[in-house]
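Q: sequence first, predicted model second:
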Amino acid sequence: MYKIQTLNAISDIIHTQLSADKYTVSKDEPVPDAILVRSAAMHEMEFGKELLAIGRAGAGVNNIPIDRCSKEGIVVFNTPGANANAVAELVIAGLMMSGRKIADGIDWVKSLKGKGEEVGKLVEKGKSQFVGAELRGKTLGVIGLGAIGSIVANAASRGLGMNVVGFDPFISVESAWSLSTTIHRAASEEEVIAQADFLTIHMPLNDKTRGSFNAEKFAKMKDGACLLNFARGELVNTADLLAALESGKLNRYVTDFPNDDLIGTDKVVCIPHLGASTPESEENCARMAAAEIRDYLENGSIHNSVNYPEVQLGDPEAVRVLVLHENIPNMISNITAAAAKEGINIENMVNKSKKDMSVTVMEMEELPSKHALDTLAELPGIIRIRTFTKE
């Protein structure tokens, strides 16, 4: 039996992937083989040597100590795209709120409570202060054309009649195929920024992108442009943003990531991080994370890992040995030499790398002896060895 610990309330949909005859699932599991988590902070947690994998039911992994997991041979998975539709729908709502002063108008209407029969007249008299622009014919810039960005781009172009220009230096084949032919792909981020009446950002948060939307970039935007941030709050330099709004360089900022400086500020619409807050999204993320954990525990298949390379595998035909190791010179020759010395006959082998980490998978007819596996484990750079046999 595999033991799974849940650190947050996870949808019961996980049990469609983790059958009761193979898995026990509990928030109180003391020695888990894998952990399923949503937003719980894990940086201060100590991991037992039995822990093989962590599945994040969501895309961001800032709550997980990735480097430490890599060094300890713990494969970390996330669920890119599982909440894409939910977030994209909210971005479209934010796009409409940035063009029209909808949120301001709603707040103002609340102030008319108690005016009785005067409400109708007051509405007609006061509505002019909330005049906004239509989206049709305007240019939407999309930075990041992944699962979310591509849905937003297509919806804005096909459904709202906007001119859409996008940029993503790392666009996947799947995302590229999903884009409408009406989307113009720019050669640089600067090209998008310069054209956009509305700019929406969909990029990861890291040391390079933190605070990257700052005074320098705002200066390159059209006067009166609107900025939407449903990716990560820290991508935007708050002080520079407020200055750009105050000067009129930016007309409006809509974000799913409020902070104390933004709340109640004129021209800012703060949404309380509702991007993935739909039951459909939560189920999709939970189902996907559970399936990734299941496949890795049962046959060593790695899909959507943030710290180890993609190695999608089926069930072993006989015996499979999976080796997690550092991506260093001579590693493969050292593994094969050690295997040959121990009399291990490798019928097929796959090696994949991702930055500093590598995975080597060896298929063979017979299970190596404990001594042979221990010999492999002692090689410099080896982190973890797992074996699988045909059921």
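A: All right, it came through fine.
Q: would residue 269 count as being in a strand?
A: Yes - the assignment for residue 269 (DSSP: H, G, I helix; E, B strand; the rest coil) places it in a strand.
Q: from residue 251, how far off is it?
A: 12 Å (C-beta to C-beta, to the nearest Å). All C-beta spots, glycine's among them, are computed from the backbone N, C-alpha and C.
Q: shouldn't residue 287 be within a helix?
A: Yes - assigned with three-state DSSP, residue 287 falls within a helix.
Q: touching, it and residue 12? I think so.
A: No - Residue 287 lies out of contact with residue 12 (C-beta atoms under 8 Å); the separation is 10.3 Å.
Q: what about the two, which has more around it?
A: residue 287 (19 against 10; other C-beta atoms under 10 Å).
Q: ok, and the closest non-adjacent residue to that one?
A: Leaving aside its sequence neighbours, residue 287 sits nearest to residue 13 (C-beta to C-beta, 6 or more residues apart in numbering; 4.9 Å).
Q: and that neighbour, what does it touch?
A: Residues near residue 13 by C-beta atoms under 8 Å, 6 or more residues apart in numbering: 283, 286, 287, 290.
Q: how near is the closest residue to the second one other than its chain neighbours to residue 33?
A: When you say that, I think you mean residue 286. Leaving aside its chain neighbours, residue 286 sits nearest to residue 11 (4.0 Å; criterion: C-beta to C-beta, 6+ apart). According to C-beta to C-beta, residue 11 and residue 33 sit 20 Å apart.
Q: what is the mean pLDDT for stretch 89-104?
A: Regarding stretch 89-104, the rounded mean pLDDT is 96.
Q: could you tell me which residues touch both of residue 269 and residue 251?
A: Residues touching both residue 269 and residue 251 (C-beta under 8 Å, 6+ apart): residue 98.
Q: related to what we said a few turns ago, so who does the residue nearest to residue 286 touch?
A: By C-beta under 8 Å, 6+ apart, the residues touching residue 11 are 57, 282, 283, 286, 287.
Q: let me have those in JSON lines, extended by pLDDT and distance to residue 379.
A: Listed next are the contacts of residue 11 as JSON lines, based on pLDDT from 0 to 100; distance: C-beta to C-beta, whole Å:
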{"residue": "57", "pLDDT": "93", "distance to residue 379": "35"}
{"residue": "282", "pLDDT": "92", "distance to residue 379": "42"}
{"residue": "283", "pLDDT": "95", "distance to residue 379": "43"}
{"residue": "286", "pLDDT": "96", "distance to residue 379": "38"}
{"residue": "287", "pLDDT": "97", "distance to residue 379": "38"}
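Q: show the contacting residues for the nearest residue to residue 201 once chain neighbours are set aside.
A: Nearest residue to residue 201, sequence neighbours excluded (C-beta to C-beta, 6+ apart): residue 143, at 4.7 Å. By C-beta under 8 Å, 6+ apart, the contact set of residue 143 is 149, 166, 167, 168, 189, 192, 193, 199, 200, 201, 202, 203.
Q: got the phi and psi for residue 143?
A: When read as degrees, to the nearest 10, the backbone of residue 143 gives phi -100, psi 110.
Q: if it is in a bridge, with which residues?
A: residue 167, residue 201 (DSSP bridges).
Q: about what we covered before: give me the pLDDT for the residue nearest to residue 286.
A: The model reports residue 11 with a pLDDT of 92.
Q: pLDDT weak spots in the stretch 101-250 of the chain?
A: Low-confidence segments of the stretch 101-250 of the chain, defined by pLDDT under 70: none present.
Q: helices of the stretch 51-200 of the chain, residue ranges please.
A: 66-71, 84-99, 102-110, 119-126, 147-154, 173-178, 189-195 (DSSP state H, counting those that start in this stretch).
Q: among the ones you listed, which is the most enclosed?
A: Most buried of the helices of the stretch 51-200 of the chain, by mean neighbour count (mean count of other C-beta atoms under 10 Å): helix 147-154, with a mean of 25.
Q: by contact count, what packs against that helix?
A: helix 84-99, strand 139-143, strand 163-167, helix 173-178 (3 or more C-beta pairs under 8 Å, 6 or more residues apart in numbering; DSSP states H and E).
Q: mind putting these into TSV with distance to residue 18?
A: Below are the helices and strands packed on helix 147-154 laid out as TSV (distance: least, C-beta to C-beta, whole Å):
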stretch	distance to residue 18
helix 84-99	23
strand 139-143	36
strand 163-167	38
helix 173-178	26
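Q: sorry, back to before: in TSV: the contacts of residue 143, plus distance to residue 278.
A: What follows is the contacts of residue 143, written out as TSV (distance: C-beta to C-beta, whole Å):
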residue	distance to residue 278
149	19
166	25
167	28
168	25
189	30
192	29
193	31
199	25
200	19
201	21
202	18
203	22
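Q: just those now: which is nearest residue 66?
A: residue 203 (17.8 Å; C-beta to C-beta).
Q: can I assume the closest one is in contact with residue 230?
A: No - applying C-beta under 8 Å as the test, residue 203 and residue 230 come out as separate, 10.9 Å apart.
Q: which of those two has more neighbours?
A: Each of residue 203 and residue 230 has its neighbours counted (other C-beta under 10 Å); residue 230 has more, 25 against 21.
Q: look up how far residue 274 lies from the more buried one.
A: Taken as C-beta to C-beta, the span from residue 230 to residue 274 is 10 Å.
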